[in-house]
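Peer 1: when you get a sec, could you give me coordinates for this:
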Amino acid sequence: MHTDDIAWNHAYFDWGPMLVENILQPLHRGDEVDFRPEAWITHDRPGSITVPAGADFIWVEGTGIIREELAPWLDASVWMQGDLDEQERLLVVRDGDSPEQLEHVANWLLEELPFMLREQPWARATMIVAGPPQIDHDPNTELVVAPPTSP
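Peer 2: Sure, this is the predicted structure:
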């Protein structure tokens, strides 16, 4: 499940209660999820967020999932440490560099950076996947374990 689907045309980070009420609580009860967020209806986005009942595990992916208000609902978490400049470069490769997209990224960062400083998800994570790209290794056969970086 992607937090981008919860956040889509709703809010960059103010979606925790919606995630808990409509996805995490039903899953913890053993129910299936078939959730169509209000923004999807308003903007005519087809489909819904679906998760079958009885799954052995659910992977909830996205920036903002590791936060205090969601901690009771998560059994484990993984923080992916990355370089901000590299992340911005990869966003341009993936989503383009139109003025609208660049404005979206700038607006995202206006909320993301304060969120990160406040929540410090790396400090709550069960595991941190980190390592500067300059550490030489074979990514097919080796995992580099590096000390955490400072916030």
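
Peer 1: what's the closest non-adjacent residue to the residue nearest in space to the middle of the chain?
Peer 2: Centroid-nearest residue in the chain, with C-alpha atoms, centre = their mean: Gly62, separated by 1.0 Å. Leaving aside its sequence neighbours, Gly62 sits nearest to Thr3 (C-beta to C-beta, 6 or more residues apart in numbering; 2.8 Å). No exception for glycine: its C-beta is placed from N, CA and C like everyone else's.

Peer 1: what is the neighbour count of the residue nearest to Met1 when sequence neighbours are not counted?
Peer 2: Leaving aside its chain neighbours, Met1 sits nearest to Val60 (5.0 Å; criterion: C-beta to C-beta, 6+ apart). With neighbours defined by other C-beta atoms under 10 Å, the count for Val60 comes to 19.

Peer 1: now the lengthiest helix in the chain - C-alpha only, PDB.
Peer 2: As assigned by DSSP state H, the longest helix anywhere in the chain is helix 99-119. Below are the C-alpha coordinates for helix 99-119, written out as PDB (Å, rounded to 0.1, in the frame of the first residue of the first chain):
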ATOM      1  CA  PRO A  99       7.000  24.000 -13.900                       C
ATOM      2  CA  GLU A 100       4.000  22.300 -12.300                       C
ATOM      3  CA  GLN A 101       6.100  19.300 -11.200                       C
ATOM      4  CA  LEU A 102       8.900  21.500  -9.800                       C
ATOM      5  CA  GLU A 103       6.300  23.600  -7.900                       C
ATOM      6  CA  HIS A 104       4.800  20.300  -6.500                       C
ATOM      7  CA  VAL A 105       8.300  19.200  -5.300                       C
ATOM      8  CA  ALA A 106       9.000  22.600  -3.800                       C
ATOM      9  CA  ASN A 107       5.600  22.600  -1.900                       C
ATOM     10  CA  TRP A 108       6.300  19.000  -0.800                       C
ATOM     11  CA  LEU A 109       9.700  20.000   0.700                       C
ATOM     12  CA  LEU A 110       8.100  22.900   2.500                       C
ATOM     13  CA  GLU A 111       6.200  20.300   4.500                       C
ATOM     14  CA  GLU A 112       8.500  17.400   4.400                       C
ATOM     15  CA  LEU A 113      11.500  19.000   6.000                       C
ATOM     16  CA  PRO A 114       9.700  20.300   9.100                       C
ATOM     17  CA  PHE A 115       7.900  16.900   9.400                       C
ATOM     18  CA  MET A 116      11.300  15.100   9.300                       C
ATOM     19  CA  LEU A 117      12.800  17.400  12.000                       C
ATOM     20  CA  ARG A 118       9.700  17.000  14.200                       C
ATOM     21  CA  GLU A 119       9.100  13.300  13.800                       C
END
